[in-house]
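[1] Structure for this input, please:
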Amino acid sequence: MAVEDPLTHEAARICQLMNVDIQFSSGIWSFRKKRKITLPNRATFYKSLNINVSFYGIEEGGAAVNIAEVYLLKEEVPIFTLALRQQKLLFPTNYLQQLTIEREMCCLQLESYEPAGHFVERLCEAFQVLKQQMPMFEMSS
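    Got it, this is the predicted structure:
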């Protein structure tokens, strides 16, 4: 019986959490999802939600460098960032967050050093909160 590689197991867990296929290239596991936002009296927005999960420098506990770029409307930023902070999984010691604003779009850049599954689970739960509070939000693969 073959022993499953822990990285493959983590990638499979992330695929299931986010309902995506994960790509592997140059030592980096990554996936992309697209958001479709429809607002009354506005055009429909199509933006990419990029989450790149890196599985290098794995330690005993499975920690990895995790990077995400999340594109949000200005009114979504406070909901999403509050949802990130209120997760059952606490932020790791090595966590960075930066917000860039250009017109009505914001790019929230996140980076952490923790198990990739924890990082993606936190994002997934924040998107669930965003979907509940802003029903015009829709995400696809």
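
[2] Now do the strands in this protein.
    Here the chain has its strands, by DSSP state E, at 23-25, 28-37, 45-54, 63-73, 95-102, 105-115, 137-140.

[3] and stretch 104-115, what's its mean pLDDT?
    Stretch 104-115 carries an average pLDDT of 87.

[4] so how far is stretch 90-106 from its chain's centroid?
    Distance, stretch centre to chain centre, for stretch 90-106: 11 Å (Cα atoms, centre = their mean, to the nearest Å).

[5] Let's check: the centremost residue of the chain is which one?
    Nearest to the mean C-alpha position of the chain, by Cα atoms, centre = their mean, lies residue 123 at 4.4 Å.

[6] residues in contact with that one?
    Residue 123 sits next to 18, 51, 68, 70, 84, 110 when contact means Cβ atoms under 8 Å, 6 or more residues apart in numbering. Heads up, the C-betas are built off the backbone N, CA and C, glycines and all.

[7] neighbouring contacts of stretch 74-84?
    With Cβ under 8 Å, 6+ apart, stretch 74-84 has contacts from 70, 72, 97, 99, 101, 104-106, 108, 122-123, 125-127, 129-130, 133-134, 137.

[8] From the residues you listed, list just the buried residues.
    With burial judged by 16 or more other Cβ atoms under 10 Å, the buried subset of those is 70, 72, 106, 108, 122-123, 125-127, 129-130, 134, 137.
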